[in-house]
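Student: Here is the input, now give the coordinates:
(chains A, B, C, D, E and F)
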4 protein chains.
Amino acid sequence: MAVRTARNKKKTQEYDSTWLEDPKTLGLVTAQVEDPELVKSRRAQIITSAVKVFSEKGYYASTIKEIAREADVSPGLIYQYVSDKEQVLFLALQLIVFTLKKGLPEAFHRESNPVMKYYACFDAYCRVVDVHRDASMLTYRETHSLTREHKGFIKGMELETNEIIAAAVREAIREGYFKNINVELFVYHTIMTAHSWALKHWRLSQVTNLEDYIKTNARFLLASALTPKGMEAAVDILGPETE
Amino acid sequence: MAVRTARNKKKTQEYDSTWLEDPKTLGLVTAQVEDPELVKSRRAQIITSAVKVFSEKGYYASTIKEIAREADVSPGLIYQYVSDKEQVLFLALQLIVFTLKKGLPEAFHRESNPVMKYYACFDAYCRVVDVHRDASMLTYRETHSLTREHKGFIKGMELETNEIIAAAVREAIREGYFKNINVELFVYHTIMTAHSWALKHWRLSQVTNLEDYIKTNARFLLASALTPKGMEAAVDILGPETE
Amino acid sequence: MAVRTARNKKKTQEYDSTWLEDPKTLGLVTAQVEDPELVKSRRAQIITSAVKVFSEKGYYASTIKEIAREADVSPGLIYQYVSDKEQVLFLALQLIVFTLKKGLPEAFHRESNPVMKYYACFDAYCRVVDVHRDASMLTYRETHSLTREHKGFIKGMELETNEIIAAAVREAIREGYFKNINVELFVYHTIMTAHSWALKHWRLSQVTNLEDYIKTNARFLLASALTPKGMEAAVDILGPETE
Amino acid sequence: MAVRTARNKKKTQEYDSTWLEDPKTLGLVTAQVEDPELVKSRRAQIITSAVKVFSEKGYYASTIKEIAREADVSPGLIYQYVSDKEQVLFLALQLIVFTLKKGLPEAFHRESNPVMKYYACFDAYCRVVDVHRDASMLTYRETHSLTREHKGFIKGMELETNEIIAAAVREAIREGYFKNINVELFVYHTIMTAHSWALKHWRLSQVTNLEDYIKTNARFLLASALTPKGMEAAVDILGPETE
DNA sequence: GATGAATGAGGGTTCATTCAT
DNA sequence: AATGAATGAACCCTCATTCAT
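Tutor: Below you'll find the model as predicted:
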């Protein structure tokens, strides 16, 4: 199952490629090769390299040749698993959004208290964003290079991600921990706070570190939402009142 | 009052181009033409078109010829006022960041109460972002295409913008309206909330409108920061407790 | 036996391209294609066409597209074997200088008497110059368009050529056939006489022909150099005293 | 009458521009400006700069703008005195060939003995070539960029130059100083020897200097041509027999 | 007569994509 | 299935030339 790894990769963040079996994706991206297992593993190999190359230089500045070289494969091979460069981007963005989402269900179910669920999701999300900082930015930089249809597909995946956090928020509201806030706006507020760690990392990394960033912003976010009852439940997270 | 201008151009020019006189910019971008007035007006013309074209198609997908056509000049003319395409992007991003910043001082000085200063800045910032939605996104999408030096320059301008809001926050803390929060993190939280209106407009515009977005998020932000004393001062903004 | 080939190409290839294997050249001109045999044959194809096109219109007035057309390949292909237009010129000039030099060793070793060696070299050299008249002029016209490094390389090759004739001259002096003349100046005198057949062909061809040009100028040259002993040895060349 | 000289010229080899009045030239190069005096002085100004710029960078690599800058004049002005860039080259080459020729009549008439006439011409010619080394090479490099008609014109001027030396040679033959050699070939031999000082200066300057070059090559040339009677007459030039 | 801003055709070069092997 | 050489459309940029002032 091991995909032939290239000569000298630094550490190569490993990705989970199970999503490549998703029929929705398979319907949108067609291969010339028959064997589905091969398609899956080759695509995983190509896309992993694509994410790396795109992250470093952006979509347009990256060439198919570079991606092929990074994947230890010939340029021609890529076109047997994908019909053009745009599809490589499409798959790469899918991988990224999928990766960002993947950890959330686990965090959600790990906790029982809705406030803790929310916090665990935010925490988990910030950490994946941190690990895949350049990749996270890629969704902001290059989504516009997709076709309308593919753009819609990626946006849909993003909404699914939001939905997990939204579930925690709704639960917290229902159980009286959170005020009756606008759920979707609050979820975006939350998500964007996590993304900001990547988007403004050039500056934020000068004034804080990940742990502190998570903690401080979690306080900001929770302070906006918590009811007095919620405050009590969140005392472990927030620590003693800072003032 | 419609922001999006139609196909048929020739009216736009909704930007203030005084910053083009800034010697810092003039030092980084050189023209072949001597007359400073002409340089200024031609550059304004070119850059306005560039922002438009870049906003629609991104930097790489836009051609100099398109920008020239949009500006109603010949492609060759552009190269008399700029030495390459990267400089067009550099100037375009400067115009955008400058435009985003421009309204803040006015908002800041209009109000005397620090909480109101903060709110006025946030409100003003959201509104410029709204007017220049595509352009705002451009800074996220294309800053990476700049040379290291120009990237640094743009980031510096961004920090100057933040500093205005930071001043309001510090004043609010000093006078006991805001808790002793981490100023820079809170400012980024604020700024990013405004930017999110552009970055996630595809979705946010489906669930809310600008007025509501500003109000709701202002509440989120202030709830994170206000002391009890601050709450009283902000009662006009927040309205009666939403619960 | 006609040198000038007609409009309809596809036969030319009158050059020896073995020098393309020379590691010195390979170090200075890099290809994207791996297979060394292919690199050699494609370069031979490209350069032969380049020499032809450059000879007709000069370096600047020739376009890569024309060279490609002449070589029956696409413009893009050229850039797989050469990194820019200057390198095409560099290789073209190498081919020319190599071609001019190639016949000399054979002429040198064919004869045993040093005066005859000298004469055979001059004769051979004039004949190659004649066959490649336009190409010979190219070294005068376009060497200056090379980078400093490549210019030096070509000049070095030229000196190697001179050295062969110099060897004959030194031998003739040592054995008392030639007076004790300044070898390098005399060699240049000789070489330039051969080159002049190309450089001033527009006029010389009106007043003489190659055979006569060689014979007459050989007399001029030898008369400058020969000792009385040398005169006797050269009687076959010079014929009965012309007066 | 003084043409406005530019800011910081190093030394600016002065040229004689009287030839610009020549009706043959005036017929081939037309001006938009009426006043013949002005045409003459402006052209002198332009061409002097052109020779300089062309000499340094070659015809194609030089731009009209550069020539204009060098001449302290606007690009537009050039087109009032010349109809295109090719004509600038044409005039520049005329100036060069004219300059090379100019000193010969004086040298010719200074001496009475035909051998001395010949020597004086060769000596004078080598010295002008030395002073205008880059310009001399320009005739070899760029004549081919002229139209057929202009090329013929320049070649005609060259032949006129040769004719002066030919006159000396013929006289020497007639009076028994020179053997009955082929005059035109011998003149080319002579001329090319002088030109070689420019064409091969990169190497010759390493092995000799101008004085020595002239003396050594004069001996080579005269040795080819002199009769015994001529030898006596030339003893001052040749010095005691070098052997 | 002189200026220099403006034009736009044209060239070098890149790179997504194809296809023979 | 995989390779990688070959193609050629398209883009950035230069610069000879024009023309309004």
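
Student: helices and strands around whichever strand or helix holds A:Val128, which ones?
Tutor: Using DSSP states H and E, A:Val128 maps to helix A:114-131. Contacts of helix A:114-131 with other secondary structure elements, assessed using 3 or more Cβ pairs under 8 Å, 6 or more residues apart in numbering or on different chains; DSSP states H and E, are made with helix A:85-110, helix A:148-174, helix A:183-199, helix A:210-225, helix A:228-233, helix A:235-238. Any C-beta I mention is one placed from the backbone N, CA and C, and that applies to glycine too.

Student: one more time with 6 Å, if that's ok
Tutor: For helix A:114-131, the helices and strands in contact under the criterion 3 or more Cβ pairs under 6 Å, 6 or more residues apart in numbering or on different chains; DSSP states H and E are helix A:85-110, helix A:148-174, helix A:183-199, helix A:210-225.

Student: Any idea which residue of chain A lies closest to chain D?
Tutor: A:Ala61 (30.7 Å; Cβ to the nearest Cβ).

Student: Next, that residue: phi, psi?
Tutor: Summarising the backbone geometry of A:Ala61 under the convention degrees, to the nearest 10, its torsions are phi -80, psi -10.

Student: same question, A:Thr227
Tutor: Here is the backbone geometry of A:Thr227 (degrees, to the nearest 10): phi -90, psi 170.

Student: go on, A:Lys200?
Tutor: phi -110, psi 30.

Student: And it, how far from B:His132?
Tutor: 19 Å (Cβ to Cβ, to the nearest Å).

Student: Over to A:Arg127?
Tutor: Applying Cβ to Cβ, one obtains 33 Å for the distance of A:Arg127 from B:His132.

Student: Taking the centroid of chain A, which residue is nearest it?
Tutor: Note on chain A: the residue nearest the mean C-alpha position is A:Leu100, at 2.1 Å, using Cα atoms, centre = their mean.

Student: In this structure that residue contacts A:Arg127, no?
Tutor: No - in this structure, A:Leu100 is not within contact of A:Arg127 by Cβ atoms under 6 Å, at 10.5 Å.

Student: And for the nearest residue to A:Glu184 once chain neighbours are set aside, the neighbour number?
Tutor: With Cβ to Cβ, 6 or more residues apart in numbering or on different chains as the measure, B:Val207 is the residue that lies nearest to A:Glu184, at 5.0 Å, once sequence neighbours are left out. Burial of B:Val207 is recorded as 13 neighbouring residues (other Cβ atoms under 10 Å in any protein chain shown).

Student: Kindly report the same for A:Asp130.
Tutor: 17.

Student: Over to A:Val82?
Tutor: For A:Val82, the number of neighbouring residues by other Cβ under 10 Å comes to 25.

Student: Go ahead and name everything in contact with stretch A:162-172.
Tutor: Contact with stretch A:162-172 is made by A:Leu104, A:Phe108, A:Pro114, A:Val115, A:Lys117, A:Tyr118, A:Cys121, A:Phe178, A:Val183, A:Phe186, A:Val187, A:Thr190, as judged by Cβ atoms under 6 Å, 6 or more residues apart in numbering or on different chains.

Student: for that stretch, the distance to its chain's centre please.
Tutor: 17 Å (Cα atoms, centre = their mean, to the nearest Å).

Student: what is the mean pLDDT for that stretch?
Tutor: Averaging pLDDT along stretch A:162-172 yields 96.

Student: quick one: buried residues of it?
Tutor: Buried positions in stretch A:162-172, judged by neighbour count with 16 or more other Cβ atoms under 10 Å in any protein chain shown: A:Asn162, A:Ile164, A:Ile165, A:Ala166, A:Ala167, A:Ala168, A:Val169, A:Glu171, A:Ala172.

Student: I'd like the distance between the third one and B:His201.
Tutor: When you say that, I think you mean A:Ile165. In this structure, A:Ile165 lies at 20 Å from B:His201, with Cβ to Cβ as the measure.

Student: Check which helices and strands the helix or strand of chain A with the lowest mean pLDDT sits against.
Tutor: The helix or strand of chain A with the lowest confidence, counting by mean pLDDT, DSSP states H and E, is helix A:235-238 at a mean of 76. Other helices and strands packing on helix A:235-238, by 3+ Cβ pairs under 6 Å, 6+ apart, are absent; none qualifies.

Student: Tell me the one of the buried residues of stretch A:162-172 nearest C:Val235?
Tutor: Nearest to C:Val235, judged by Cβ to Cβ, of the buried residues of stretch A:162-172 is A:Asn162 at 104.1 Å.

Student: Quick check: the closest one vs B:Thr147, distance?
Tutor: Relative to B:Thr147, A:Asn162 is positioned 36 Å away (Cβ to Cβ).

Student: still on that earlier bit, more crowded one of A:Arg127 and B:His132?
Tutor: B:His132 (21 against 17).

Student: Next up, phi/psi of the more buried one, please.
Tutor: Comment: the main-chain dihedrals of B:His132 come out as phi -110, psi 50, following degrees, to the nearest 10.

Student: out of the contacts of stretch A:162-172, what pair is the most spread apart?
Tutor: Between any two of the contacts of stretch A:162-172 (Cβ to Cβ), the greatest distance is 18.0 Å, for A:Leu104 and A:Phe178.

Student: my read: A:Trp197 touches A:Val129, true?
Tutor: Yes - checked against Cβ under 6 Å, the pair A:Trp197 and A:Val129 is within contact range at 5.4 Å.

Student: Can you give me every residue that contacts the residue nearest to the centre of chain A?
Tutor: Taking Cβ under 6 Å, 6+ apart as the contact definition, A:Leu100 lies against A:Val128.

Student: Also A:Ser136?
Tutor: With contacts defined as Cβ under 6 Å, 6+ apart, the neighbours of A:Ser136 are A:Val129, A:Ala198.

Student: Check which helix or strand it maps to.
Tutor: When elements are assigned from DSSP H and E, A:Ser136 belongs to helix A:133-142.

Student: Quick check: mean pLDDT of that helix?
Tutor: Here helix A:133-142 scores 96 as its mean pLDDT.

Student: touching DNA strand E at all, it?
Tutor: No - on the criterion Cβ under 7 Å from any atom of the strand, helix A:133-142 is out of touch with DNA strand E, staying 13.1 Å away.

Student: residues of that helix that come out buried?
Tutor: Under the neighbour-count criterion of 16+ other Cβ under 10 Å, helix A:133-142 has A:Arg133, A:Asp134, A:Ala135, A:Ser136, A:Met137, A:Leu138, A:Thr139, A:Arg141, A:Glu142 buried.
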